[in-house]
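In: Sequence first, then the predicted structure, then my questions.
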Amino acid sequence: MKILVLNAGSSSLKYQLFNMESSSVLAKGTCERIGAGGTITHKKTGAEPLFEEIALNDHGVALARVLELLISAEYGVISSIDEIDAVGHRVAHGGEQLKKSTVVTESVIKYLETIVPINPLHGPPAIAGIKACMKLMPTVTQVTVFDTSFYSNIEDFRYVYPIPYEFYEKDRIRRYGFHGTSHRYVSAELAKCLGKPIEELKIITCHLGNGSSITAVDGGVAIDTSMGFTPQEGIAMGTRSGSIDPTVVTYLMKTKGYTAEEVEDILNKKSGLLGISGLSNDCRNVSEAAANGDERATLAIKILTNGIKKHIGAYAAEMNGLDAVVFTAGIGENQWNIREKVCRDMEYLGIEIDEDKNRNFTRGIPFDISKEGARVATWIIPTDEEYMIALDTQVLASK
Ligand code: ADP
């Protein structure tokens, strides 16, 4: 079975074509600057990548070009579009109703349209991508896989915010959680690595990238997560503040005359590692500056690692135990310095890592960094959201 996985952003479209029999990627690429020019980087596995500048007016035009590339003589990997058995769409938000991966129908699209107000950035491009596919590949099964659905079992006292209840009831303001596909994938991979049923494990998964979230997975079920109504909540990120006293928002508006959009822009794009360090949102650069003695970079790294530590402690308390901690995504997979700072002085919880293994880890594979005899297993697990989406799509398309 061949499955095309699509991830549409506001001006981008990422794609991967999987051969499910061999669990391999046949080709992948990214369309960028959609609606404002257009570029495509396309890579057929084992070949040199192709880069082209081409007018991409909308997601439909981008997808049409991707399909052309996939069947082209030089860069293609299939001889006809008919070889694609199903398409899996990454959709950030499934709202309260779409609780698991779903075959696309008119009513799914209609529901996604009704929740655009709570998903203004990712909703419209995702819907555009789905509609483009339905037009260009009308007979192919389309599946939507939601970042939020891993959190559909979180209990109300963990997702309802302590503000007047009508804001939940009428406006659906609540914790939704994001990155669920990644947390679901790495927690399942960890259980395989440990050779234990996931039902018996209490795991904390730390997805640390430009956007970061931490999830408590108890017996394979996500019971709490750091991101909330939007991906803004939780720990400090590349440019996002994470959780702060909400009064800071109104205080800034009242004393500086900022509009809602301006405060949102500050908290979303000018905060986090960038805002504290004044240097960069990239954790590699901030870490390097901190290692060279830069005070604000040092502070930024401390704020980040302390935030992760606090969530691990909180989630171990919520689960009443802890068997394993997983680090994943750009920072989690690559930056030993962050893992080392998070895991230091955590013996009380049973977390002890082997500093040598942590520094000299092998990239790109699941890697155990636990100290010999540690009560809690600590692993680096490379995430693969696209493959998880392909797996869900395969199951639904085979029905
Ligand atoms: P996104 O949330 O955009 O998917 P990533 O998961 O790619 O983000 O993570 C980006 C972060 O990972 C950056 O802060 C970057 O500094 C950090 N990072 C560290 N080492 C690497 C690496 N080798 N490759 C990619 N990102 C890395």
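Out: Arrived safely, thanks for sending. Predicted model only: the values in this text are computed from it and were never measured. Numbering: from 1, shown residues only.

In: Which residues are in contact with the closest residue to N57 other than its chain neighbours?
Out: Counting by Cβ to Cβ, 6 or more residues apart in numbering, G35 is the residue found nearest to N57 once chain neighbours are left out, at 6.6 Å. C-beta: built from backbone N, CA, C; applies to glycine. Residues near G35 by Cβ atoms under 8 Å, 6 or more residues apart in numbering: 11, 56-58.

In: any idea which of the residues you listed is the one closest to K99?
Out: Nearest to K99 among the contacts of G35, counting by Cβ to Cβ, is S11 at 29.3 Å.

In: What does the closest one show for phi and psi?
Out: Note on S11: backbone dihedrals following degrees, to the nearest 10 are phi -130, psi 20.

In: Isn't L273 up against A289?
Out: No. Between L273 and A289 there is no contact under Cβ atoms under 8 Å: 10.3 Å.

In: Quick check: neighbours shared by those two?
Out: Contacts common to L273 and A289, judged by Cβ under 8 Å, 6+ apart, are S280.

In: Comparing these two, which shows the higher neighbour count?
Out: Neighbour count, other Cβ atoms under 10 Å: between L273 and A289, L273 has more, with 27 against 20.

In: Within the helices and strands, which one has that one?
Out: According to DSSP states H and E, L273 maps onto helix 272-277.

In: what's the next secondary structure element after that helix?
Out: helix 283-291.

In: May I see the buried residues of that next one?
Out: Neighbour-count burial for helix 283-291 flags 283, 286-287, 289-290 (criterion: 16 or more other Cβ atoms under 10 Å).

In: Tell me which residues are up against it.
Out: With Cβ under 8 Å, 6+ apart as the criterion, helix 283-291 contacts 208, 238, 273, 277, 279-280, 297-298, 300-301, 304, 330-331, 334-335, 337-338.

In: Would you pull up how far it lies from the middle of the chain?
Out: 23 Å (Cα atoms, centre = their mean, to the nearest Å).

In: average model confidence for the helix or strand following that helix?
Out: Next helix or strand after helix 283-291 toward the C-terminus (DSSP H and E): helix 295-319. The average of the pLDDT scores along helix 295-319 is 98.

In: wait, doesn't I40 sit right on T30?
Out: Yes. If you go by Cβ under 8 Å, I40 and T30 touch, sitting 7.3 Å apart.

In: of these two, who's got more company?
Out: Set I40 next to T30 and count neighbours by other Cβ under 10 Å: I40 wins out with 23 against 17.

In: you'd agree that one is in a helix?
Out: No. Counting by DSSP: H, G, I helix; E, B strand; the rest coil, I40 is not part of a helix but strand.

In: Show me what it is bridged to.
Out: Note on I40: beta-bridge partners by DSSP bridges are C31, E52.

In: ok, now how distant is it from the ligand?
Out: Separation of I40 from the ligand (Cβ to the nearest ligand atom, to the nearest Å) stands at 19 Å.

In: measure that residue to L136 for me?
Out: 16 Å (Cβ to Cβ, to the nearest Å).

In: Also N306?
Out: Relative to L136, and taking Cβ to Cβ, N306 is found at 48 Å.

In: part of a helix, is A62?
Out: Yes. Counting by three-state DSSP, A62 is located in a helix.

In: hang on, it packs against E32?
Out: No. Using Cβ under 8 Å, A62 makes no contact with E32, being 9.2 Å away.

In: if you count what's nearby, which of these two comes out ahead?
Out: Set side by side, A62 and E32 show more neighbours around A62, with 29 against 18, by other Cβ under 10 Å.

In: N360: neighbour count?
Out: That count, for N360 with other Cβ under 10 Å as the rule, works out to 11.

In: who's in contact with the residue of the chain found nearest the ligand?
Out: Of all residues in the chain, G330 sits closest to the ligand, at 2.0 Å by Cβ to the nearest ligand atom. Residues near G330 by Cβ under 8 Å, 6+ apart: 208-210, 283.

In: Next: F229.
Out: By Cβ under 8 Å, 6+ apart, the contact set of F229 is 118, 161, 173-176.

In: Quote the end-to-end distance of stretch 346-353.
Out: 9 Å (Cα to Cα, to the nearest Å).

In: and T393, helix, strand or coil?
Out: When classified by three-state DSSP, T393 comes out as helix.

In: hang on, the earlier thing: name the residues that touch the helix holding L273?
Out: Residues from elsewhere that reach helix 272-277 (Cβ under 8 Å, 6+ apart): 236-242, 266, 280-283, 286, 289, 294, 296-297, 299-300, 303-304.
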